Each structure stands twice: as C-alpha cells, then as structure tokens.
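Enquirer: Generate coordinates for the sequence data below:
(chains A and B)
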Amino acid sequence: MIDKINNKKTRLLLNILLIVIFATVIILLDTDVIGDAYIRRILNLSAIYAIVSVSMNLVNGFTGLFSLGQAGFMAIGAYSVAIFTVPLAERAKIFYITPQNPFLAQIELPFIVALLLGGFLAALVAIMIGVPVLRLKSDYLAIATLGFSEIIRIVFTNIKSITNGALGIKNIPTMPTMWVFFGIAIISIGFMRLLITSSYGRAFKAIREDEVAAEAMGINLFKHKVMSFSIGAFFAGIGGGLLATLFATVDPNQFYFPVTYNFLLIIVLGGMGSISGTIIASFLVTAGLEILRFFDEPLTLFGINIALFRPGLRMVIFSILLMLLVLFFRNGLMGQKELSWKLIFDWFSGKISRKRTGQGGGIQ
Amino acid sequence: MTGQLFLQQLINGISLGSLYALLAIGYTMVYGILRLINFAHGDIFMMAAYFMIFSIMTFKLPWFIAIIIVIVATVALGVLIEKTAYKPLRNAPRMSIMISAIGASFLLENLATYLFTGVPKGFPDIKVLTTAVKLGSLSLTIATLITPFVTLLLLYLVLFITNKTKIGMAMRAVSKDFETAKLMGININKVISSTFVIGSSLAAIGAILWGSRYPSIMPLTGVMPGLKCFIAAVLGGIGNTAGAVVGGFILGMAEIMLVTFLPAFTGYRDAMAFVILIVVLLVKPTGLLGEKVTDKV
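Expert: This is a model prediction of the structure:
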C-alpha cells in the first residue's frame, strides 16, 4: 500500500481527483444546487480565516516571532477596500456627519486594485512598525504588536473624514461568486507555501529554532524578520479586504484586538508551523463557532427551561477549548507536519511513522 | 487654564497614576519571577470589581466586610488561575505559556459576559469613598485623595515583604535565578503562589478604588487598565516594584495632562500609552529603574 502511495503517478492522480472534487463542490455551491447563502457565507469566512491564519502562522509558527498585530493589519486592508470600492454616488449618504476627504471622494477603484493596495499599505505599515519593534523579544514583541494593532484601530476611529469614524462604512459592493474568496485564498496560501519551502523559509525556521545560531550561520536576522512580518501583514490585509466585501460593511470595532485570538486558536489547533493544519483548523473553528451558536439560544428540555443556555455560553466554551488545547494538546492537529497522502494512508493503516514526514506532497 | 483647574487635574493625575501603580505592581512581580506577562491580571481586577458589586448590592454587606471578602475572593481567583493555567506549563515553550495566559484572560472576560451580561453594572456608592470634600475651592472625592496614600502604604508593605521576610528573600532568589533557587531547596510553587496572592490583593484594592472613581463596570473594564499597567511596569523597569509605582504615576499623569492640555486628542488617550511603551522599549528597554540583563546563549 505504502509503495503504491509513494508512486508519483498515484499521488498525481489522487491530487487531480481532489482538485476536481473541490472545484465541483464550489461550482455546485455557487450555482445554488447544494447549500444555501448561510453555508456559502460560512465557507467564504473560513477561506478568509485560512488566509489570515496562515499569514499569522508564517510569523508566529515559522519565524517564531510572537506577533499579535493581525487585527490591525486586517483593518488596513478592510478599510482600503471599503474606502475605494464604494460607488461615488453613495459616498455622500455614508459620510453624512463628517464629509469625506475631497481627494478620496473622487477616487473609485476596482475591487482587486483596492484589495492589493490594502495589502501593500498593511505591509508598508508593518515595515514601519517592524523596523523599531522587531528588535524586541517574545513577550515584549507580543505586547508591542498588540499595542500597534490598537493604535491603528484608535486612529481609524478618530480620522472621521477618511474612515467615517465609529459609524463605519456601509454598502461595500459584494462579490457574486465564491471563487473570489477561494481563488484568492489558494493563491495567497500557495505563495506563502512557496516562500516557506524556499531558502527564505529555511532562514525563517532557523531563526525560530535558535536566533544566535542562525546569526552565526550568516543569516541576516533583521532582514528576514522584517520580511516575514511584512509579508504576514500583507496577507492579513488581503484577508481584511475580503472580509469587508463579504460583510459589505466595516467599522473599527470589528478589529478590536481579541479578534486576533481567533487566529491564535486556529494556529494552535492546527499546529504552529503547519500550513495544512492551519487550513483544516480554520474551517473547523469557523464552522465550530457557528455550530456552537445553539449554546446561546435558550434551551427547553421536557418543558423545563435550562437556565445554563443563554447568550455568552458559546464564547465561554470557545475560550475553555483554547485553554484545554494549550494545556493538554500543545502540538495541535498536525504539529509541524504537513498533510500528505502518505501521512493519510499511514494513519489509516495504523502506523504513523515516528520520523518527520517529508514536506512535499501536500494537497493544497 | 486657571491655576485652580490645573491643581485639580494634577491631583486627579496623581490619583489615577497611583491606581495604575497598584495594578502595575502585580504585573512586575509576576514578570520578575515567571518571566511571563500575566495577561489575566487586568481581568482579575475586573472580577474584583464585580465581586464588590455583588457583595454590597446582592448580599447587602457593610463596606468594610465587603472589602475583606472581595480581597479574599480575588486572591483565590488569582491563585486558581496560577494553578490551572500556568503551573502545568512550567517547562513548556514560552509561547505556549503566553497563549495560556491569553486564554485565561479571554476566558475570564467571556465568563463575566456570560454570568453578568455585557450591560454595564453600576458600582455601589460607598459613602466613605465617594463623599466630596472641599479643599479651598477644589472639590475632590475622598477616594481621589486617599488613593495615593493607600498606594504608597501598600508599596511600603510590598517592599517590606520582599526585602525583610523569608518568603520575600525566596522571591528575590527565584527572580534572580529560577533553576538555582530550586536546587537550593526553595519551594518554587509556594513562592509563585505568594506572588499571585500579593498581586491579586493589590488588584482587588485597586478595583475598589477604581469603581469609586469610574462607577460603571463591564466585562471588558479590565482590558485597557490591564494593558496600561503592564506598560507602566515596563516603563518603570519590569521586575522592579518601586519602578512599577513610578511608571504608574508617570502614565496616569501623562494621560490626564493630555486630556487637559490637548482636548482635541482625547480620542487618542488609549493610544498614548502604547506610544510611550514603544518609545521606552526603543530608547531604554530596561525601563527607568530596571537592571540591565544580557542574553545567555
């Protein structure tokens, strides 16, 4: 069995089969043959979460920099899409308290341009932040990045002529097809995977394992850290922009820093340093949060109202899960391994090889 | 700006600063020993405020008994968090411990939302603390006036414990060198628990004074003060108790002065603390009173 799987041809066939199944499912969902708007929304949200989580894993899991700034970078991407894609005719209605900045009020960009602009702005801010902050170590870095994410949010709340302040921006054009979300997710995650398997990626991992040793081996610590941090920010910005078009509305409170904890849960669940684990966890957590929603509804069993079930229970369970995960299940689903056909068949035939499975053969 | 208003704001700043200082001591002590940002500290503070609300509003206890009960309950909560969230991860990688700390903080916030709902609750009006007194032409509450003195008294107490008692000596030993202290027969778990006892009781006292000042408590009340007080601890030099108090004073004063002199920037009040943090980390990462540490390879 294993020999068959190691055969290149079989793997190729299985991969093609998987891609066909995946594409068919998306087409069926898109044409409303299966599923409904609610399911499409959850899946789109999962795809966005996958982009942002992989970008966070690139920084935290692969480079070993404990950064908690993802929410702020998402805000930059989301606002870029919101500000530039709302049709000009509707601007005055949205900015009815503080008029929009006259320069911005004349600009309308296509979605993809606004999205990329958002990503680049996020990366630019990340470089500006990273140059001073990336000199810091673990927990200082965490609190400084978290602080910057808050500063971004506070600034967005206060520059009303650009962001419409706490009122947020509504009527952002939405996307007609799931391919926008899934296509961009595949391209983004594919790019990050290429990066991680390249020589840059090996440098990132070296920094994660031992900074001093990495430096002694001639790796430019600062350059690689800034690179990982800003590329992570770029894709967080892309994720934020997609979020804006999915929800059709943005406001600063969507990017309050505990949002970053969702992604933290995802990368811990998936495994710090595993892309496929992160993708699986993104779908599990997003779907899980929806399924757990029934905990927030009042529950009546045999005519007795169970007082335990009321709004807020869902998030309590969610945070307990995060705690349990980190306390008892620290490696997550995948640890640092990647999902491959070999791994799946090993698992099914009951013999997980003790040595690390190769990086190749992933199915993304 | 009249001199009188300035004086009023000056006292306000000192008072807010000393509140920050009370919380910052908790951060700095835990960091000194465990090298861990106790993310849950701000939420322990928030829970203490809720404990006060319930012991006075629901159980109708007189304020002096309520204060004692609140301190005991908060200490129990702090130690419980240490035992469940931090102790099992003593030898785990740094990042796991930090995620556990974030998880504990997140859990407390969600638990508070679930138990007490997200609607702000009014803090009980404790006459002894909220009565306004006239000082010349200034009108200040008793809480505002006594906060700095309470803080200084507690700082003295904490310094006495760490410098003059046996457990304090053990604390200093553990914070100097965790491994060696352990080999010397110091009961590490007892030392860490006592740190949490001190930190949590200060947080409880801080919460009571905070509630008398800002009498509206929400599940997220502890987040911003928590972050700011950690910043105060870094500003003063993390691990240094007196430094935490100095940092708290500076931060509280800076915040009140920003609101007083630059009212247009009031919206940026919370952002300023982070700007201060980043400047400190870049210019003098060891803080004002901190010792220089070098990385061991």
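
Enquirer: other SSEs contacting the longest helix seen in chain A?
Expert: Counting residues, the longest helix in chain A under DSSP state H turns out to be helix A:221-247. When contacts are defined as 3 or more C-beta pairs under 8 Å, 6 or more residues apart in numbering or on different chains; DSSP states H and E, helix A:221-247 sits against helix A:37-57, helix A:70-85, helix A:111-133, helix A:179-197, helix A:199-209, helix A:211-216. (Each C-beta comes from the backbone N, C-alpha and C, glycine too.)

Enquirer: After it, heading C-terminal, what element do we hit next?
Expert: Next along the chain after helix A:221-247, taking DSSP states H and E as the criterion, comes helix A:259-270.

Enquirer: orientation of that following helix relative to helix A:37-57 in degrees?
Expert: Orientation of helix A:259-270 against helix A:37-57 (axes from the mean of the first three to the mean of the last three C-alpha atoms, to 10 degrees) gives an angle of 80 degrees.

Enquirer: Counting by contacts, list what helix A:259-270 packs against.
Expert: Helix A:259-270 packs on helix A:37-57, helix A:70-85, helix A:275-291, helix A:313-328, helix B:94-116, going by 3+ C-beta pairs under 8 Å, 6+ apart.

Enquirer: hang on, the earlier thing: B:V191 is nearest to which of the helices and strands packed on helix A:221-247?
Expert: helix A:211-216 (29.8 Å; C-beta to C-beta).

Enquirer: wait, what's in contact with B:L16?
Expert: B:R213, B:G252, B:M253, B:E255, B:I256 (C-beta atoms under 8 Å, 6 or more residues apart in numbering or on different chains).

Enquirer: how about low-confidence regions in the stretch 251-364 of chain A?
Expert: A:299-307, A:350-364 (pLDDT under 70).

Enquirer: got the residues of it near chain B?
Expert: A:258, A:261, A:264, A:268, A:272, A:310-313, A:315-316, A:318-320, A:322-323, A:326-327, A:330 (C-beta under 8 Å from any C-beta of the partner chain).

Enquirer: Restricted to buried residues, select those in ChimeraX.
Expert: The ChimeraX selection below is limited to those of those classed as buried (16 or more other C-beta atoms under 10 Å in any protein chain shown):
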select /A:258,261,264,268,272,310,312,313,315,316,318,319,322,323,326,327,330
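
Enquirer: Ignoring the adjacent residues along the chain, who's closest to residue 144?
Expert: No chain in the question, so chain A it is. Spatial nearest neighbour of A:A144, excluding adjacent residues (C-beta to C-beta, 6 or more residues apart in numbering or on different chains): A:V133 at 4.8 Å.

Enquirer: look at chain B instead
Expert: Using C-beta to C-beta, 6+ apart, the closest residue to B:T144 is B:S15 (4.4 Å).

Enquirer: Double-check that that neighbour belongs to a strand.
Expert: No. Assessed with DSSP: H, G, I helix; E, B strand; the rest coil, B:S15 is helix; it does not lie in a strand.

Enquirer: so who does it touch?
Expert: B:A143, B:T144, B:L145, B:T147, B:P148, B:R213, B:G252.

Enquirer: in chain B, which segments are predicted with low confidence?
Expert: B:1, B:291-297.

Enquirer: Show me what the mean pLDDT comes to for the longest helix of chain A.
Expert: Averaged over helix A:221-247, pLDDT sits at 95.

Enquirer: Check which residues of that helix are buried.
Expert: Neighbour count says helix A:221-247 has A:221, A:224-247 buried, by 16+ other C-beta under 10 Å.

Enquirer: tilt between that helix and helix A:199-209?
Expert: 100 degrees.

Enquirer: by how many degrees do helix A:221-247 and helix A:179-197 diverge?
Expert: Using the same axes, to 10 degrees: helix A:221-247 against helix A:179-197 is 170 degrees.
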